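Visitor: model this:
(chains A and B)
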Number of protein chains: 2
Amino acid sequence: MHEDAFFAELFPRLGAMPEDVVVPPGDDCAAIRVAPGRLLLLAVDQIVGGRHYFLEGPRAAAPERVGRKLLARNLSDIAAMGGTPRFALVGAGMSPRHGPEWMQRFFAGIIETGRRFGVVMIGGDLAGTPADAIASLTIVGEVGEKEICRRSGARPGDRIYATGVFGASLETEWHLDFVPSCREGRWLARTGAVHAMIDVSDGLLLDLGRLCRASNVRAVLEPRRIPLRTPHIDWRRAAAEGEDYELLFAVAAEAAAEIECTWPFPETPLHALGECIAPDAPGVPQNAVLGPDGRPLLPETDGPVGYDHFRKSPP
Amino acid sequence: MHEDAFFAELFPRLGAMPEDVVVPPGDDCAAIRVAPGRLLLLAVDQIVGGRHYFLEGPRAAAPERVGRKLLARNLSDIAAMGGTPRFALVGAGMSPRHGPEWMQRFFAGIIETGRRFGVVMIGGDLAGTPADAIASLTIVGEVGEKEICRRSGARPGDRIYATGVFGASLETEWHLDFVPSCREGRWLARTGAVHAMIDVSDGLLLDLGRLCRASNVRAVLEPRRIPLRTPHIDWRRAAAEGEDYELLFAVAAEAAAEIECTWPFPETPLHALGECIAPDAPGVPQNAVLGPDGRPLLPETDGPVGYDHFRKSPP
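Guide: Got it, this is the predicted structure:
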């Protein structure tokens, strides 16, 4: 069962949300109004040994890098809402293979990465687990209510952009060492021109499909425009593998030129990939991402595409 | 390695806390000031199959009860700060033995229990785990800055009280079915007379020792006053086993009579257990809890006492 399908079944059972829940679950973060115009962003993410990093062998990850990755994944969720990360709470399961020394180094990776992004750890829980190494991190961030970027605001005619390059994340170890796009996300949010934004963690096509479904639009993507991390992969791999942790966003067509001209991050590539079009029919389209020939780039079924942590382990 | 010792080593590495962190990690919850006089409470806790509940056999817990317990443990942490719980974020690891159906029922237990306490789930993550069943929950609550109860405010002369009864939590299944003392905690916080409060999750003696260390006091406890859940256990077991999820608090001596007389929860026993005395020497006393004969009820070492989830599995 796909994680999206699991939560799609679960979320309707949550009932009505309180008035101060401005963004309910289903986006990169939930958002709570804590003062007029001021939102708190919250999200939880997990990291599992043998799934999100190698436990042993020549590519076994140092515990500091595992902690770093767990926090960075969550920072990317805050970035996608245009927010500023502030606090982290960490629950960790300590298996017999991951003793106190491994754990101290794992937490040190979180603390050190947090320091670079202005995030402090304000809570932790440590439990013994019989076999597995698993940890969860809840991130808390802040954003102005006028600045927040959701998945759901894209409109027909919007231009679709992405930061960075795609694919080959596992083999290049980008998945461990990526720098979450917090500055880029904040800058984009403050332009006021971004209608929708999402972070690409599960594959460009899968996450673009999520943005389209949330916004009730379709997207036309030009595959040759997808920037590749290494020359030996093709666009299909780059768009499906995931673990890119880049920002994907939709901007009003009339604002696109200004975004490109004033983009203040020379070290971060910015690429126009395509545009949003109206759905053919009312309701949520199943295959929201089309190629230039009008044929779906996503398969006909609603099954998993891209790097789905719920099914696939690193090779 | 004891969880307290692990975090005692880790927390100093966190560095200076931002100004809006009113209660840093180390209490039942951390507290963040989100508006003048208004604090947000945050804490994370985990539940591990085979440690916090039986996975199989005649006492295997239904998944709904496991979800209920995970949330209720976190609610107890909010109660101990005098707060009102509001939101939950859940990370769950789905093992081959805990498929989608188990997981849906587990989340249903969280959602249903949340409804009874005014808590909504605003975030979730589901990951596949190779072997273990483990889940974490981050709770978010609210409390007024003038009302918040910490572990650290007890003073010599304060009377020590506890709600409820103690011991035999595993065999009576109290550890699955307890009702967290949110109403009691809020009422106590609003009296303004509670100097320090903690929830008893790891054993009465262990948690009273934590309150004493945080407050730099010692406690004199009359063991015969510890109320027992069942007649066939003695006070040593009742004070050490843990999983009671009761409130333990220190009140000014002059306010004790009024607390007892106006206590508005006839279904919740309230017992005076002893009092706080000055430490013999400056600094944190190693053996903070004494019997009426002046001898320590806690062992001389600083090692684990009580129900330590980090070492012990349910029998």
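Visitor: Name the SS class of whichever residue of the stretch 101-250 of chain A sits closest to chain B, please.
Guide: Nearest residue of the stretch 101-250 of chain A to chain B (C-beta to the nearest C-beta) works out as residue A:136 at 3.4 Å. (C-beta placed from N, C-alpha, C; glycine too.) Here residue A:136 is strand, with the state taken from DSSP: H, G, I helix; E, B strand; the rest coil.
Visitor: Who does it form a beta bridge with?
Guide: With DSSP bridges applied, residue A:136 shows beta-bridge pairing to residue A:46, residue A:91.
Visitor: Could you verify my assumption that it touches residue B:123?
Guide: No: if you go by C-beta atoms under 8 Å, residue A:136 and residue B:123 don't touch, sitting 10.6 Å apart.
Visitor: Assumed residue A:189 was part of a strand.
Guide: No: applying three-state DSSP, one finds residue A:189 to be helix, outside a strand.
Visitor: who touches both of residue A:136 and residue B:123?
Guide: Common contacts of residue A:136 and residue B:123 (C-beta atoms under 8 Å, 6 or more residues apart in numbering or on different chains): residue A:44.
Visitor: more neighbours, these two?
Guide: Taking neighbours as other C-beta atoms under 10 Å in any protein chain shown, residue A:136 and residue B:123 compare with residue A:136 leading, 31 against 27.
Visitor: residue ranges of the helices in the stretch 51-200 of chain A, please?
Guide: Under the criterion DSSP state H, counting those that start in this stretch, the stretch 51-200 of chain A contains helices at A:63-80, A:100-117, A:169-172, A:174-177, A:182-191.
Visitor: and those, which is most packed in?
Guide: helix A:63-80 (a mean of 26; mean count of other C-beta atoms under 10 Å in any protein chain shown).
Visitor: now the angle from that helix to helix A:100-117?
Guide: 40 degrees (axes from the mean of the first three to the mean of the last three C-alpha atoms, to 10 degrees).
Visitor: so helix A:63-80 versus helix A:182-191, what angle?
Guide: 10 degrees.
Visitor: Using PDB, write down the CA coordinates of helix A:63-80.
Guide: The C-alpha trace of helix A:63-80 is given here as PDB (Å, rounded to 0.1, in the frame of the first residue of the first chain):
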ATOM      1  CA  PRO A  63      26.000   8.300  12.200                       C
ATOM      2  CA  GLU A  64      26.500  12.100  12.000                       C
ATOM      3  CA  ARG A  65      25.500  12.000   8.300                       C
ATOM      4  CA  VAL A  66      22.300  10.000   9.100                       C
ATOM      5  CA  GLY A  67      21.300  12.600  11.700                       C
ATOM      6  CA  ARG A  68      22.100  15.300   9.300                       C
ATOM      7  CA  LYS A  69      20.000  13.700   6.600                       C
ATOM      8  CA  LEU A  70      17.000  13.300   8.900                       C
ATOM      9  CA  LEU A  71      17.000  17.000   9.900                       C
ATOM     10  CA  ALA A  72      17.700  18.100   6.300                       C
ATOM     11  CA  ARG A  73      14.700  16.200   5.000                       C
ATOM     12  CA  ASN A  74      12.500  18.100   7.400                       C
ATOM     13  CA  LEU A  75      14.200  21.400   6.600                       C
ATOM     14  CA  SER A  76      13.300  20.800   3.000                       C
ATOM     15  CA  ASP A  77       9.600  20.500   4.000                       C
ATOM     16  CA  ILE A  78       9.800  23.900   5.800                       C
ATOM     17  CA  ALA A  79      11.600  25.400   2.800                       C
ATOM     18  CA  ALA A  80       8.700  24.200   0.500                       C
END
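Visitor: Please see if that helix touches chain B.
Guide: No: shown here: helix A:63-80 not in contact with chain B (C-beta under 8 Å from any C-beta of the partner chain), separated by at least 9.6 Å.
Visitor: Could you dump the helices of the stretch 51-200 of chain A into JSON lines and include mean pLDDT and distance to residue B:38?
Guide: Below are these laid out as JSON lines (pLDDT from 0 to 100; distance: least, C-beta to C-beta, whole Å):
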{"stretch": "helix A:63-80", "mean pLDDT": "98", "distance to residue B:38": "22"}
{"stretch": "helix A:100-117", "mean pLDDT": "96", "distance to residue B:38": "25"}
{"stretch": "helix A:169-172", "mean pLDDT": "94", "distance to residue B:38": "41"}
{"stretch": "helix A:174-177", "mean pLDDT": "96", "distance to residue B:38": "39"}
{"stretch": "helix A:182-191", "mean pLDDT": "98", "distance to residue B:38": "25"}
